[in-house]
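Asks: Structure here, sequence nowhere to be found:
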């Protein structure tokens, strides 16, 4: 499964990333390696919350 992620340079240094297809799913990191790991973790967290929410 491919999920589109947009990575931005943060004004204060480092990066922040957002996942447009998952509202509210965003993260930050100091390096590209850190942002990649944080994005995976953020997506897993956002999707697990959606699954656990009662309908």
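Replies: Structure received. Keep in mind that this is a model prediction, so the values were computed, not measured.

Asks: who does the helix or strand harbouring residue 42 touch, helix- and strand-wise?
Replies: Using DSSP states H and E, residue 42 sits within helix 32-52. When contacts are defined as 3 or more Cβ pairs under 8 Å, 6 or more residues apart in numbering; DSSP states H and E, helix 32-52 packs onto strand 15-18, strand 26-29. (C-beta placed from N, C-alpha, C; glycine too.)

Asks: would you list those strands in TSV and tack on mean pLDDT, distance to residue 45 and mean neighbour count?
Replies: Formatted as TSV, these follow (pLDDT from 0 to 100; distance: least, Cβ to Cβ, whole Å; neighbours: other Cβ atoms under 10 Å):
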stretch	mean pLDDT	distance to residue 45	mean neighbour count
strand 15-18	98	13	18
strand 26-29	97	9	18
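
Asks: With distance to residue 5 added, can I get these in JSON lines?
Replies: Formatted as JSON lines, the helices and strands packed on helix 32-52 follow (distance: least, Cβ to Cβ, whole Å):
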{"stretch": "strand 15-18", "distance to residue 5": "5"}
{"stretch": "strand 26-29", "distance to residue 5": "9"}
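
Asks: give me every residue that touches residue 26.
Replies: 16, 17, 18, 19, 42 (Cβ atoms under 8 Å, 6 or more residues apart in numbering).

Asks: Also residue 21?
Replies: Residue 21 makes contact with 3, 4 under the criterion Cβ under 8 Å, 6+ apart.
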